[in-house]
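[1] I'll drop the sequence and a predicted model, then ask my questions.
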Amino acid sequence: MAGHSADQPGVVARLTGADLTAAVPGLAEIGQHLVVRDVQAVPSASLSFAQILGLVREVGSSEDGVVVTQGTDTVEETAYLADLVWPHAAPLVFTGAMRNPTLAGADGPANLLAAVRVAASPRARDLGALLVANDEIHAARWVRKTHSTSTATFTSPDTGPIGHVIEGEVRILTRPERRPVLGVPAVDGTRVALYTVSLEDDGALLDRVADTHHGLVVAAFGVGHVPASLAPVLGELAARIPVVLTSRSGGGSVLRHTYGAAGSEIDLQRRGLVNGGLLGPYKARVLLRLLLAAGAGRDEIAAAFAEHG
């Protein structure tokens, strides 16, 4: 059996929308008229805020559900970005594949079929942006990619999936409250840094971040803690740019008023950091960048994170 040799190029996926839909058994039997558009033929790792916001504007006039297919590298961020600005009742459903079409058992067709079922279902209305994969329906606000290769990579650690596709039927198990929709700003030129705290971290890499960025998201230990020596560094930054405190743990919330030692969440909030709540660092960066691009001040940013986090 032949495989890739060391000097052979890797897979470069360039399937059109027509290619994708043609490969899905049972799609025609759903009974829905599909309008297929090719919008951005780029790897998902190269997608931009402007492209996703442009996509939302382009499809936003539709009264019907919309399915967006993209690579899975960035979909937990792009789906959340779309969710923040999607004001419509119609479902906006993101999906993708973990196994490329050259592999046995490619999951793309099954995921696309399930996503179309969800987008066409009246039960999925008023839920904002969703991610559908592995016959699970996840709210964009909570979903995370948790494994680099597994077809079960998408999970929502704090909530679980909000529904499933079972024998072709869309079953919504819980309906999370929708948060206020943000406007669609021009984000060009707005820069937000993301910094992950590590053991014995002295913050040297943060030396000039306030000179080059408009905001900072900190992925701290556990419930929102950093080394004591790093706390004043973050406090000085928070006096210059908005700094949002999140957890690097992958699930759970940053606390607000439990621990009081130097570098704890109470100490950092006292120094001006904004509490990110249940939002992980990647999604917090998306929200902060949108807010800054819209001209939000510190009080507005704190209020938005209290609402969305």
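    Everything's here; your move.

[2] so where do the helices sit in this protein?
    Using DSSP state H, the helices of the chain run over 17-22, 49-59, 75-85, 108-120, 209-212, 231-238, 265-270, 281-293, 298-308.

[3] let me know the average pLDDT across the fifth one.
    This predicted structure assigns helix 209-212 an average pLDDT of 98.

[4] and it, which residues are buried?
    Of the residues in helix 209-212, 209-210 count as buried by neighbour count, 16 or more other C-beta atoms under 10 Å. In short, each C-beta sits where N, CA and C put it, glycine included.

[5] can you list contacts of it?
    Outside of helix 209-212, the residues within contact range by C-beta atoms under 8 Å, 6 or more residues apart in numbering are 191, 193, 195, 216, 237, 240-241.

[6] now do the contacts for Gly260.
    266-267.

[7] circling back: just the contacts of helix 209-212 now: which is nearest Leu55?
    Of all the contacts of helix 209-212, Arg191 has the smallest distance to Leu55: 21.6 Å, by C-beta to C-beta.

[8] quick check, pLDDT for the closest one.
    97.

[9] for the one 10 residues further on, same thing?
    Note for Asp201: predicted pLDDT of 96.

[10] kindly report the same for Thr102.
    What the model reports for Thr102 is a pLDDT of 83.

[11] tell me how far it lies from Pro227.
    46 Å (C-beta to C-beta, to the nearest Å).

[12] which one's more surrounded, the two?
    Neighbours per residue (other C-beta atoms under 10 Å) separate Thr102 from Pro227, with Pro227 holding more: 18 against 9.

[13] and that one, what does it touch?
    By C-beta under 8 Å, 6+ apart, the residues touching Pro227 are 197, 200-202, 263.

[14] buried ones from the contacts of helix 209-212, can you make that a PyMOL selection?
    Provided next is the PyMOL selection string for whichever of the contacts of helix 209-212 are buried by 16+ other C-beta under 10 Å:
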select buried, resi 193+195+216+237+241
